[in-house]
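K.L.:
Have a look at this fold, sequence not included:
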Ligand SMILES: NC(=O)c1ccc[n+]([C@@H]2O[C@H](COP(=O)([O-])OP(=O)(O)OC[C@H]3O[C@@H](n4cnc5c(N)ncnc54)[C@H](OP(=O)(O)O)[C@@H]3O)[C@@H](O)[C@H]2O)c1
């Protein structure tokens, strides 16, 4: 049966302006890094995407290399676009990226104009769309001149293949330099995608200030530290978890005992707020107006719905914030 998006889809979520741009993003966005590959059940992928959109998640984040194999998450998204989402394209913000190893030889990695332009063409083909809303350079390239990479982003936007440009994983000083070039080119640069969670707070030092000063937004990835900031690892490693499965980005040895212990204490704080730890971790990121959106992953529609409930309690008392700081600092 044809998919009909829920009429109530805009009733639950709020949308935040991305920096000083004209674009608003949902407070929670969905990323397809994991769980949308050729190895994953298509029916589950489709249901997660439908569930997200039905609840107001208008923003889907991809990259050329998401899979495995690389490219397969974009293909999965393309299948859902074809089957369900086509009539809703104008209600969606679809992002992709290039910057990591994608194809053999000297032109399939890092930040050359050659790589970025070719990669986006491939991504568009895999997703079966004419343009993406946001195209990111995925990581800094130590060898390609920054001007070349930024001019490639500018070119892509001026070609009409992306509406906005973004960067990801750039440290604060390099972000500043990149933004200065993009400003000169009048490229609509609006967003930085950075790893940010209770366990990973580097953006607080400088980056968030740089972005605010330049009128750009920040979208926080891996807000749950890939699952560590949930209750799932408090009593061991479940077989069907990211750390429990083989060949994922979370190895069991990354589950450091001190992290698990902190998660256990944070879990109690969350319970006192009437939230799950995952919900509190998401709400905590949204306490800062400079965070435009929290970019979650999920492996089931249930997780997704559970995480959306974070938005029913985004307020923190000073005591709660201090208690969290104390736990994280210990
Ligand atoms: N720009 C970059 O370099 C970069 C890098 C990484 C990620 N990203 C983006 O950020 C997105 C999110 O990253 P992420 O997947 O690491 O985010 P995350 O939200 O920190 O982790 C998601 C994982 O946590 C577990 N989880 C989620 N909700 C849960 C809940 N309520 N209860 C228990 N477990 C829960 C699930 O793992 P299980 O499989 O264990 O259920 C889920 O796949 C990616 O899809 C991608 O779009 C960008």
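P.N.:
Thanks, I have the structure now. As the structure is a prediction and not an experimental result, all values here were calculated from the model.
K.L.:
in terms of contact, does residue 255 touch residue 233 like I think?
P.N.:
Yes. If you go by CB atoms under 8 Å, residue 255 and residue 233 touch, sitting 5.6 Å apart. In this view, the C-beta of every residue, glycine as well, is placed from N, C-alpha and C.
K.L.:
neighbour count winner among these two?
P.N.:
For residue 255 versus residue 233, neighbours defined as other CB atoms under 10 Å are more numerous around residue 233 (22 against 18).
K.L.:
Now the common contact residues for residue 255 and residue 233.
P.N.:
Common neighbours of residue 255 and residue 233, counting by CB atoms under 8 Å, 6 or more residues apart in numbering, are residue 243.
K.L.:
Number of residues surrounding residue 56?
P.N.:
Number of residues near residue 56 (other CB under 10 Å) recorded here: 21.
K.L.:
Helix, strand or coil: sort out the residue lying closest to it once chain neighbours are set aside for me.
P.N.:
Of all residues not flanking residue 56 in the chain, residue 13 sits nearest, at 3.5 Å (CB to CB, 6 or more residues apart in numbering). Put simply, residue 13 is coil when judged by DSSP: H, G, I helix; E, B strand; the rest coil.
K.L.:
what sits against residue 13?
P.N.:
26-28, 55-57, 308, 311.
K.L.:
Arrange those in TSV, one row each, with distance to the ligand and pLDDT as further columns.
P.N.:
Output for the contacts of residue 13, formatted as TSV (distance: CB to the nearest ligand atom, whole Å; pLDDT from 0 to 100):
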residue	distance to the ligand	pLDDT
26	14	98
27	14	98
28	10	98
55	14	98
56	17	98
57	12	98
308	10	98
311	13	97
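K.L.:
In strands, which of those residues appear?
P.N.:
Of these, the ones assigned to strands by DSSP state E are 26, 28.
K.L.:
Ramachandran coordinates for the residue nearest the centre of the chain?
P.N.:
Geometric centre of the chain, nearest residue: residue 295, 3.6 Å, by CA atoms, centre = their mean. Recorded main-chain torsions at residue 295 are phi -100, psi 100, according to degrees, to the nearest 10.
K.L.:
Help me confirm that it comes into contact with residue 224.
P.N.:
No. In this structure, residue 295 is not within contact of residue 224 by CB under 8 Å, at 10.4 Å.
K.L.:
how about the residues of the stretch 201-330 of the chain that lie near the ligand?
P.N.:
For the stretch 201-330 of the chain, the residues in contact with the ligand (CB under 6 Å from any ligand atom) are 221-227, 230, 232, 241-242, 278, 295-299, 303, 306-307.
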